[in-house]
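**Q** have a look at this fold, sequence not included:
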RNA sequence: GCUCCGGUGGUGUAGUCCGGCCAAUCAUAUUGCCCUCUCACGGCAAUGACCGGGGUUCGAAUCCCCGCCGGAGCACCA
């Protein structure tokens, strides 16, 4: 129906002002060009821009995670590139994967407007990592080490090698094979990369590539493995194997590229371009952007679930009827600076409003309704379905003798108010008397326009908001709206119809 | 302690590489006005920033130095 309307508009415009239409199109094109991400470095030196999303599926996504597909996906579109979704699920214990999260994350990516060209799980690729580890050992690039974490840390901070560093390849190879074969328990042995034990940056000195984890991986297919790679190894190997040209990741991984370069040198590979960005903070939430924190709050019952309106998650915004594209746009506007940034929710709301305002039907919702008998006047009100699209028609709302209005909208005794789509009424004694003037009383005398619902036959609504649940009454027929539909409650804001049952509608508030 | 990164209006961003066209862009936000049977949409206007100090220069947001402030890493997490 919107298509028809916009087509109609365009036809009219073409007839009336052909130049204006061209202008509008030019403006729209210009809008797309500007206000977006900076160009990726050295794109011209690669045949194809190949990027990867590397989520840890240890839970559904919070809003900070959405930045990854938003930015990477936007670049993919810009350069006609290729995008891999690689689940970096190599920690069965500390950041234990949640089986449901794999699909939840893929859903979230789709919701944000993108589709990976390929999806893989690191936990399916252990043999590949082992092969490369063995190759590396043969090149003298790694050694097995049985130092405790504290012991090694002390030596490392002093720039001193541990006794295991001088192990030869054969012995390392044998011990690594034993690690893979499950002959060691967690904590007994690790495989370290031989980097530079005196490197000025202590973070780069002989880092751990593989360790033993006693806890089985939750994925059936990976549950037998006990020797697991750490991120810098796994990710470094995979980035090369998948031909990744541009790696985009957070500042917490600033040293990763430097660590992985040692690996790349041993193998004679070229390291991809790297872009780092800072952390995102959202205002408007009490809850910190942390998967484990949100998980805890849900377990404690503080939040109803990942899609609780108070949760700073992708699922929550989705349930509130906010388009993924709005999140993507807002994230894109942040650019890729390495400093931490604050993203106001209003930025997402502004993008969303632009997307939904034209299509969202209008409806009335009265909270804390005050009942007033209406005396005289027509039997029904006929507010427009959409103020900018008269052709979409009106909502026929019968008044069965009385209406509900919000307490703040009840005028003082003797004063008038305009029941939107119905007409002017005067508050006399305890009723609303229809006065019958034309719309001029609104335009010229400043009579306020208010929304209302009939006292009888209205539809109970539970509106779930970030601040808590609100009870209200919507106009009759609201119970017929399809779940998923986004409407605008006039003078309140946009909301998504969530569920309909016998006695009421549940809707989620998006934003004003 | 060691290593690295960064500081432009309330927020984000452009400009910084190649100093002047930057009393600084755009968006959002806030306020006011216009439009309007919504406090939406649309239109107009206003508000508001180069962390500080030195230096180089005819000229610095942009280059150099010193501070200050903030962030990240130094995990058998990602």
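**A** All right, it came through fine. The structure presented is a predicted model; accordingly, all values stated were derived computationally and were not measured. Residues are numbered from 1 along each chain as shown, chains lettered A, B, ... in the order given.

**Q** going by C-alpha atoms from here, please, whenever you check contacts or count neighbours.
**A** Noted.

**Q** next helix or strand past whichever helix or strand residue A:265 is part of?
**A** Following DSSP states H and E, one finds residue A:265 within helix A:256-267. Scanning forward in sequence from helix A:256-267 by DSSP H and E, the next helix or strand is strand A:273-277.

**Q** picking up where we left off before, list the buried ones in the helix holding residue A:265?
**A** By neighbour count on 16 or more other CA atoms under 10 Å, the buried set for helix A:256-267 is A:256, A:257, A:259, A:260, A:261, A:262, A:263, A:264, A:266.

**Q** and which of those residues is nearest residue A:308?
**A** residue A:256 (34.7 Å; CA to CA).

**Q** list the contacts of the residue nearest to the closest one when sequence neighbours are not counted.
**A** Nearest residue to residue A:256, sequence neighbours excluded (CA to CA, 6 or more residues apart in numbering): residue A:232, at 6.1 Å. Contact partners of residue A:232, counting by CA atoms under 8 Å, 6 or more residues apart in numbering, are A:209, A:256, A:259, A:260.

**Q** tell me which two of those sit farthest apart.
**A** For the contacts of residue A:232, the maximum inter-member distance is 12.1 Å, found between A:209 and A:256 (CA to CA).

**Q** and the strands in the stretch 1-150 of chain A?
**A** With DSSP state E, counting those that start in this stretch as the criterion, the stretch 1-150 of chain A has strands at A:50-53, A:82-87, A:118-121, A:142-145.

**Q** adding distance to residue A:239 and mean neighbour count as columns, could you present the ones you listed in JSON lines?
**A** What follows is the strands of the stretch 1-150 of chain A, written out as JSON lines (distance: least, CA to CA, whole Å; neighbours: other CA atoms under 10 Å):
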{"stretch": "strand A:50-53", "distance to residue A:239": "8", "mean neighbour count": "25"}
{"stretch": "strand A:82-87", "distance to residue A:239": "10", "mean neighbour count": "22"}
{"stretch": "strand A:118-121", "distance to residue A:239": "12", "mean neighbour count": "14"}
{"stretch": "strand A:142-145", "distance to residue A:239": "20", "mean neighbour count": "27"}
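
**Q** so which of these gets nearest residue A:134?
**A** Closest of the strands of the stretch 1-150 of chain A to residue A:134 is strand A:142-145, at 8.9 Å (criterion: CA to CA).

**Q** show me what that closest one is packed up against.
**A** helix A:126-138, helix A:169-180, strand A:190-193 (3 or more CA pairs under 8 Å, 6 or more residues apart in numbering; DSSP states H and E).

**Q** between those, which gets nearest to RNA strand B?
**A** strand A:190-193 (5.8 Å; CA to the nearest atom of the strand).

**Q** just checking, what packs against whichever helix or strand comes after that closest one?
**A** As assigned by DSSP H and E, the chain's next helix or strand after strand A:190-193 is strand A:208-212. Contact partners of strand A:208-212 among helices and strands, from 3+ CA pairs under 8 Å, 6+ apart: strand A:190-193, strand A:227-229, helix A:231-241.

**Q** just the angle between strand A:208-212 and helix A:231-241, please?
**A** 110 degrees (axes from the mean of the first three to the mean of the last three CA atoms, to 10 degrees).

**Q** mind listing what's buried along strand A:208-212?
**A** Within strand A:208-212, the residues that count as buried by 16+ other CA under 10 Å are A:208, A:209, A:210, A:211, A:212.

**Q** surely the fourth one meets residue A:228?
**A** Yep, that's residue A:211 we're talking about. Yes. With contact defined as CA atoms under 8 Å, residue A:211 reaches residue A:228; the gap is 5.6 Å.

**Q** distance of the residue nearest to residue A:416 when sequence neighbours are not counted relative to RNA strand B?
**A** In this structure, residue A:416 finds its nearest non-sequential neighbour in residue A:426, 4.2 Å apart by CA to CA, 6+ apart. Per CA to the nearest atom of the strand, to the nearest Å, residue A:426 is found 15 Å from RNA strand B.

**Q** helices and strands around the one helix or strand residue A:426 maps to, which ones?
**A** Element membership for residue A:426, per DSSP H and E: strand A:423-428. Applying 3+ CA pairs under 8 Å, 6+ apart, one finds that strand A:423-428 makes contact with strand A:416-419, strand A:431-434.

**Q** tell me which of these lies nearest to residue A:481.
**A** strand A:416-419 (23.0 Å).

**Q** which other residues reach stretch A:66-85?
**A** Residues beyond stretch A:66-85 that count as contacts (CA under 8 Å, 6+ apart) turn out to be A:37, A:40, A:48-55, A:109, A:112, A:114, A:116-120, A:248-249, A:314, A:327-329, A:331-332.

**Q** excluding sequence neighbours, find me the nearest residue to the residue of the stretch 51-200 of chain A found nearest RNA strand B.
**A** As assessed by CA to the nearest atom of the strand, RNA strand B sits closest to residue A:187 within the stretch 51-200 of chain A, at 3.0 Å. Spatial nearest neighbour of residue A:187, chain neighbours left out: residue A:212 (6.7 Å); criterion: CA to CA, 6+ apart.

**Q** roughly how far apart are the one you found and residue A:235?
**A** Distance of residue A:212 to residue A:235, given as CA to CA, to the nearest Å: 18 Å.

**Q** mind pulling up the pLDDT for the residue nearest to residue A:256?
**A** pLDDT recorded at residue A:232 is 97.

**Q** what sits against the closest residue to residue A:394 other than its chain neighbours?
**A** Excluding the flanking residues, the one nearest residue A:394 by CA to CA, 6+ apart is residue A:384, at 4.2 Å. Residues near residue A:384 by CA under 8 Å, 6+ apart: A:362, A:390, A:392, A:393, A:394, A:395, A:421.

**Q** I'd guessed the third one sits against residue A:386; true?
**A** Yes. Applying CA under 8 Å, one finds residue A:392 in contact with residue A:386, separated by 6.8 Å.

**Q** who's more crowded, these two?
**A** In this view residue A:392 and residue A:386 are compared by other CA atoms under 10 Å, and residue A:386 has more residues nearby, 20 against 15.
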